[in-house]
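have a look at this prediction, sequence included:
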Amino acid sequence: GAVVSQHPSWVICKSGTSVKIECRSLDFQATTMFWYRQFPKQSLMLMATSNEGSKATYEQGVEKDKFLINHASLTLSTLTVTSAHPEDSSFYICTSPDSEGLGTQYFGPGTRLTVL
Amino acid sequence: KQEVTQIPAALSVPEGENLVLNCSFTDSAIYNLQWFRQDPGKGLTSLLLIQSSQREQTSGRLNASLDKSSGRSTLYIAASQPGDSATYLCAVTGGTSYGKLTFGQGTILTVHP
């Protein structure tokens, strides 16, 4: 099946720094990429939807200037957490729907971000 | 706005029991419904996917049903094992095959020997 890789798998950074998370589709073209985050003991919440070559669409309450999403190619989407703060500590997961209309989503393994 | 609710929030059972996890959603205009497993600190593992036109799906000891009109799904786990201990998440896909997923809060399952 299709594979989405995500890097890094975990990162610890100081408050105020920026962190970039990459999601790559390894054997298919990811026209659309969804970005989710999961706070401890909570479920996954959609942050934004990115489509290759266009601006991302952000969910209500998600700051677009803080969470920069770039989807410049069909195999790579990036999420940059700018000026990270401890409240941004979370588990970030990307997922891309299959292109054959089956409704299957291919998930990255996730990135655990801890901001000190 | 779609809302997904899972009951119970946590469940602890002895090994060997059959159990049922429940999921309900408010908007029946879904493309499909999926059940996932998440181990602590890990990503998601897809267990079963039910298309909106289907009533159930089975995989090994797992059986998931879907009643789209009433906005409900159940995940049945037969002969539970300690290795089944994990968080189980239910998620619905919006009205198209490329729609976003809306997740429930999950059920934390503990199966003790």
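Structure received.

ok now do the residue nearest to residue B:65 when sequence neighbours are not counted, which residues does it touch?
With sequence-adjacent residues excluded and distances taken as C-beta to C-beta, 6 or more residues apart in numbering or on different chains, residue B:65 is closest to residue B:56, at 4.5 Å. (Each C-beta comes from the backbone N, C-alpha and C, glycine too.) Residue B:56 makes contact with B:50, B:63, B:64, B:65, B:66 under the criterion C-beta atoms under 8 Å, 6 or more residues apart in numbering or on different chains.

same check, this time on residue A:83
Going by C-beta under 8 Å, 6+ apart, residue A:83 touches A:16, A:17, A:18, A:66.

got it, and residue A:116?
Counting by C-beta under 8 Å, 6+ apart, residue A:116 touches A:12, A:13, A:14, A:15, A:86.

and if we set it to 10 Å?
Applying C-beta atoms under 10 Å, 6 or more residues apart in numbering or on different chains, we find residue A:116 in contact with A:12, A:13, A:14, A:15, A:17, A:84, A:86, A:89.

how about the contacts of residue A:83 in CSV, adding distance to residue B:41, pLDDT and secondary structure?
Shown next, in CSV, are those (distance: C-beta to C-beta, whole Å; pLDDT from 0 to 100; DSSP: H, G, I helix; E, B strand; the rest coil):
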residue, distance to residue B:41, pLDDT, secondary structure
A:16, 26, 96, coil
A:17, 23, 97, coil
A:18, 24, 97, coil
A:66, 25, 96, coil
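
can you give me the strands for chain B?
Ranges of strands in chain B, per DSSP state E, are B:4-7, B:10-14, B:19-25, B:32-38, B:44-51, B:56-59, B:62-67, B:72-77, B:86-93, B:101-103, B:107-112.

wait, which of these is closest to residue A:2?
Residue A:2 sits nearest to strand B:44-51 of all the strands of chain B, at 11.9 Å, using C-beta to C-beta.

where does the nearest residue to residue A:98 once chain neighbours are set aside fall, phi/psi-wise?
Setting aside the residues directly before and after it, residue A:98 is nearest to residue A:104 in space (C-beta to C-beta, 6+ apart), at 4.4 Å. Phi and psi for residue A:104, reported as degrees, to the nearest 10, are phi -80, psi 140.

ok, now residue A:86?
According to degrees, to the nearest 10, residue A:86 has phi -50, psi -30.

check contacts around it.
Residue A:86 touches A:15, A:114, A:115, A:116, counting by C-beta under 10 Å, 6+ apart.
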